[in-house]
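1. Coordinates for the following, if possible.
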Amino acid sequence: MTQNNNGEIIRMEGIYKYFPGVQALENVDFCLRKGEIHALVGENGAGKSTLIKVMTGVERFDTGKLIYDGQEIIIRSPQQAQNLGISTVYQEINLCSNLSVAENLLLGREPGGLLGINKKAMNKRAREIMLELGVDIDVTAPLETFSTAIQQIIAIARALEISSVKVLILDEPTSSLDIQETNLIFKVMRQLKDSGVGIIFITHFIKQVYDVSDRITVLRNGSLVGTYDTDSLSRLSLVEKMIGRSLAEYEEMEKSEYKHTDEVPIVQANGLGRVGSVKPLDIDLHAGEVVGLAGLLGSGRTEVAKLLFGIDEPDSGNISIDGKLLKNHSPLTSICFGLALCPEDRKESGIFDQLTVRENIFIAMQARLGWFKFLSRQEQEEVTDKYVKMLNISTPSAEQKVGNLSGGNQQKVILARWLATHPELLILDEPTRGIDVGTKAEIQKMVISLASEGMSCVFISSELEEVMRTSHRIVVMREKEKVNEFSGSVEERKIMEAIAGSE
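-> Sure, this is the predicted structure:
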């Protein structure tokens, strides 16, 4: 393979990519060298996925230059990228769980002839492939019988077998793995690196970046922050670059007052956890208190919210509401007990875009009342009008489809839905993501106001500044584990250090 003096396999220069209404990439440079593990990091919306799509031919860049193996080219399709030796293994394993390991590895390339597939030869070749990666398993067994880590390695092995891979892109390969499984993936990555493969490692786990990568490229809001040798960049500095906050800019921020009482918490979780999701943790939520969950994307914040609301079933610990231990926790029981959740992804999990503003608002209230006590049309309209005015929802009428509203107004409709149930605990997962500054301020003020009236709130945000501004107490999550908790006045630096972990 022809290499330049720096041993680069891929160089991308001045990449711009525009989608309607969104500048996804703006003047981004990136280069990958032969035999290196290069971490690509950044918060949600940073541009990581778009950059990879441009590199693999899923999307075409608007302007810029892509040089591969010393030649300037345009990659027009994923098939072309694969033929060039660029393979991607995604977080969601795209294999056939009911087929054997060998069948998955050699699907479409099975040895045989006119008499059919030669299974003996297929199994022999599959075993050789896995042993080359240091994994000794029964390749005749169904894929579904193996752990997620082994399935990830099988997906990597398939990518290597399909073509002569020079560039391997791993998109969150360790997101649902434990420490031992992650180390197994890292072992394979290092082995491929030693053989000369360039690896792009996309992850939100800061510790893993430092465990395995040689260089780090940071993206933020579609722009390049910089590329750094891993050894030269501290963890704290990396977090600062990812979220766009400098220690020199830190300010003391005003907080609303909260006086702790000895009353029974509205919600109390003891040792609550779920394997692959959140390590067991304790958390108590009191009336009139805003508890912020801080941490990078992938740290376990959303997973905690799902456990508290009953979307995910824990496999350890327990949860009590108003002192009553719950045995069968579900979203419906949460609603009945006065819990509410505004989800992280309003498009996928929040709004019903083909229903009206009125229908979106009263649906949770109807669920809490039960389906045998119907709200009259007049009651629905009265509730809708009340919250449209309270939250200043901009809509031509209550009969407007929610899908036609702006993102900020859709977010307000979701808030109205849950406020209409008069919850004791309101869980807000990224309530200000993707909305304008003015609406962000409105929502933050509303959270503080609701707490002053006695409501308990959980506030989750990737923006540490707004977590600090709204919260009385801050729980820090890192790599799916609660690592610290701060009450009262605390320096932002301390929280940042907890998010980043020890040096």
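
2. By mean pLDDT, which helix or strand of this structure comes out lowest?
-> Lowest on mean pLDDT, DSSP states H and E among the helices and strands of the chain sits strand 112-113, with a mean of 74.

3. Please state the offset of it from the chain centre?
-> In terms of CA atoms, centre = their mean, to the nearest Å, the centre of strand 112-113 is found 44 Å from the chain centre.

4. What strands flank that strand, and is each parallel or antiparallel?
-> strand 116-117 (antiparallel) (DSSP bridges).

5. Name the residues of the helix or strand containing Gln80 that are buried.
-> Element membership of Gln80, judged by DSSP states H and E, is helix 78-84. Within helix 78-84, the residues scored as buried using 16 or more other CB atoms under 10 Å are 81-82, 84. All C-beta atoms are positioned from the backbone trio N, CA, C, and that covers glycine.

6. how far away is the closest residue in space to Cys457 that isn't next to it in sequence from Val458?
-> Once flanking residues are discounted, Cys457 sits nearest to Val290: 4.5 Å by CB to CB, 6 or more residues apart in numbering. Distance, Val290 to Val458, using CB to CB, to the nearest Å: 8 Å.

7. which one of the buried residues of helix 78-84 sits closest to Arg377?
-> Ala81 (55.2 Å; CB to CB).

8. pretty sure Ile129 is in a strand, no?
-> No. Under DSSP: H, G, I helix; E, B strand; the rest coil, Ile129 falls outside any strand and is assigned helix.

9. Just to check, it is in contact with Glu161?
-> Yes. Ile129 lies in contact with Glu161 (CB atoms under 8 Å); the separation is 5.9 Å.

10. what is in contact with those two at once?
-> Leu105 (CB atoms under 8 Å, 6 or more residues apart in numbering).

11. what about the helices in the stretch 1-150 of the chain?
-> 48-55, 78-84, 101-105, 119-132, 148-162 (DSSP state H, counting those that start in this stretch).

12. for the longest one, packing partners?
-> This points to helix 148-162. Packing contacts for helix 148-162, counted by 3 or more CB pairs under 8 Å, 6 or more residues apart in numbering; DSSP states H and E, involve strand 86-89, helix 101-105, helix 119-132, strand 167-171, helix 179-194.

13. thinking again about what came up before, for the helices of the stretch 1-150 of the chain, which one sits closest to Thr302?
-> Across these, closest to Thr302 is helix 48-55 (CB to CB), at 17.9 Å.

14. Packing partners of that closest one?
-> strand 8-19, strand 22-33, strand 37-41, strand 167-171, strand 198-202.

15. how does it look with 7 Å?
-> strand 8-19, strand 22-33 (3 or more CB pairs under 7 Å, 6 or more residues apart in numbering; DSSP states H and E).

16. will you turn these into JSON lines that also has distance to Ile67, mean neighbour count and mean pLDDT?
-> Putting those into JSON lines (distance: least, CB to CB, whole Å; neighbours: other CB atoms under 10 Å; pLDDT from 0 to 100) gives the following:
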{"stretch": "strand 8-19", "distance to Ile67": "4", "mean neighbour count": "18", "mean pLDDT": "94"}
{"stretch": "strand 22-33", "distance to Ile67": "9", "mean neighbour count": "19", "mean pLDDT": "92"}
